[in-house]
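Asker: coords please:
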Amino acid sequence: MKKLLVLIQNDWIEYKNGPESLILKKYAKFSNKLTLMYFGIIWSTMTPFLTIPLVPLIFNIFVSQNNSIQRQHLYAQYEYVFDSDKNYYPVLIHSYIGSFAFINAVVAIDAMITMYIEHACALFSIIGYVKLLDNANSISYFFQLGIDIICLSFTGFQIATKIDNSPDAAMRFAAYSTSLLVVLYFLSYPGQQLIDHSLKICHNIYKANWYCTSLRTRKLLIFMAMRSSIPCQITAGKLYVMDITSFKLVVKTSISYVMVLLSVQE
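Answerer: The predicted structure follows:
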C-alpha cells in the first residue's frame, strides 16, 4: 500500500504543471464523489439495522411495565462468561462502538482502493501500476468476497424465514444485506472502469490514422494493440474478476444458496 501511495505522490509531482494534471484532478474528483456516495449509502442502509434495538428502550420510557416491549440486542448474544441480559447496557454500548469502528474502517479501506483504481484509469499507460495494484489487493479481495457471499446467503435465509413471524428482524437483515450488496458493487464498479479504460487504448489505436505514420511507428502500434486487447483486471485471489458481470454472478449465487437452505429446512 505504501508503494502505491508513493507512486501516486510522484505522479502528482511529475505532472504538477502539465496538462496531465487536469486528467489527474478529474479522476481524483470522481473518486471523491464515489467515496462520499458510498459513505452515505452504507450508513443509510445500516441505520435501520442499528436503530431498531433502540426502539424498545425509547418506547418503554413512555409506557407502563406491563405494556413494555422486550429489549433487543444489536447482535445475537451467546452467554460464555457473563449473562448478557444482566449486563445489557454495557453489551449494547460495546456493540455500537464496535459496529461504528468496523463500518468506518471498511468504508475507509474500500475508498482507498477505489482511489488507487481511479488513479490507474487516469494513468493507464503505466501498466506496471495496475499489476502492482492487483498484487497488493488480490488476497484481501478473495477473503472479503468469500465472507460477503456467506453473509449474503445467511442474511437472505434469515429474511425469508423471519418475514412472517418477526418483521422487525427481517427488516434489520434486509438493511444489512443491502449494505453488503453496496459494498460488493462499490468494489466491482471501479474494476469495470479499469477494464473499460484498458480496452479503450486498443480501440483508439484502430481509430487513429495509423496509416499516416512511419513504418517503425506502425510496428510499435501493432504491439500496443496486441497488448491492450487483453484487458487489465483487478482480481480476487487470481480467480474472480472484480467487474459488474462477476457482481451479478455473486448475487445469483447467493440467491441460489438461500434457495438451497430453504429447501433443506423444509
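
Asker: spatially central residue in this protein, please.
Answerer: Nearest to the mean C-alpha position of the chain, counting by CA atoms, centre = their mean, stands residue 183 at 3.0 Å.

Asker: and that one, how close does it get to residue 86?
Answerer: Separation of residue 183 from residue 86 (CB to CB, to the nearest Å) stands at 35 Å. Yep, even glycine has a C-beta here, placed from its N, CA and C like the rest.

Asker: can you find the helix or strand in the protein with the smallest mean pLDDT?
Answerer: helix 215-228 (a mean of 66; mean pLDDT, DSSP states H and E).

Asker: pLDDT of the next helix-or-strand element following that helix, averaged?
Answerer: For helix 215-228, the succeeding helix or strand toward the C-terminus, using DSSP states H and E, is strand 235-236. Strand 235-236 shows an average pLDDT of 81 in the prediction.

Asker: with stretch 44-52 instead?
Answerer: Mean predicted lDDT for stretch 44-52 stands at 82.

Asker: chain center to that stretch, what's the gap?
Answerer: 18 Å (CA atoms, centre = their mean, to the nearest Å).

Asker: okay, helices next: where are they in the stretch 101-250 of the chain?
Answerer: Ranges of helices in the stretch 101-250 of the chain, per DSSP state H, counting those that start in this stretch, are 127-162, 167-207, 215-228, 244-265.

Asker: what helices or strands is the longest one leaning on?
Answerer: Looking back up the chat, that one is helix 167-207. helix 20-51, helix 88-122, helix 127-162, helix 215-228, helix 244-265 (3 or more CB pairs under 8 Å, 6 or more residues apart in numbering; DSSP states H and E).

Asker: what angle sits between the second one and helix 167-207?
Answerer: Angle between the axes of helix 88-122 and helix 167-207 is 10 degrees (criterion: axes from the mean of the first three to the mean of the last three CA atoms, to 10 degrees).

Asker: name the residues of helix 88-122 that are buried.
Answerer: 91-92, 95, 103, 107, 110-111, 113-122 (16 or more other CB atoms under 10 Å).

Asker: and the third one, by the same measure?
Answerer: Taking 16+ other CB under 10 Å as the neighbour-count basis, helix 127-162 is seen to contain the buried residues 129-130, 132-134, 136-138, 141-142, 144-145, 148-149, 151-162.
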